[in-house]
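fold the following.
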Amino acid sequence: MKLFSFSVIFILLLLQHNANAAPTNFDMDSLTNMDEGSTEAALYRRYIPRKINCNYACAIRCSKARRKNVCGRACKTCCRRCHCVPPGTYGNKSACPCYASLRTHGNKPKCP
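Take a look at the predicted model:
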């Protein structure tokens, strides 16, 4: 009986120690509260891309293209990589630098 009560007390103390050692008020979504140089901040920092409907965005982007299938295929590839499609049907690539920087093997712009 003494061994059982000792083990219960030991487990409770261990759980209390772990609860005090862990940060309790750390907000995973807020990166503004963290110091840039802290190692704890680097452990929790994750890049979560925005959810974007690539099919819809590329349908709008390629709506005036002569070759809609080719434009749509290239646009969807770029959208999946960059999680962004520039507004409008032509140009505006400065709104999405990743989209503008993708190139083909022939060093031509990949994204329409």
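
now do the SS call for the residue lying closest to residue 112 once chain neighbours are set aside.
Spatial nearest neighbour of residue 112, excluding adjacent residues (C-beta to C-beta, 6 or more residues apart in numbering): residue 71 at 4.7 Å. Any C-beta I mention is one placed from the backbone N, CA and C, and that applies to glycine too. Using DSSP: H, G, I helix; E, B strand; the rest coil, the structure places residue 71 in helix.

hmm, residue 71 is touching residue 63, no?
No. If you go by C-beta atoms under 8 Å, residue 71 and residue 63 don't touch, sitting 9.2 Å apart.

what about those two, which has more around it?
residue 71 (20 against 12; other C-beta atoms under 10 Å).

quick one: that one from residue 78, how far?
From residue 71 across to residue 78, the span is 11 Å (C-beta to C-beta, to the nearest Å).

what's the answer for residue 103, then?
11 Å.

fine by me, thanks again.
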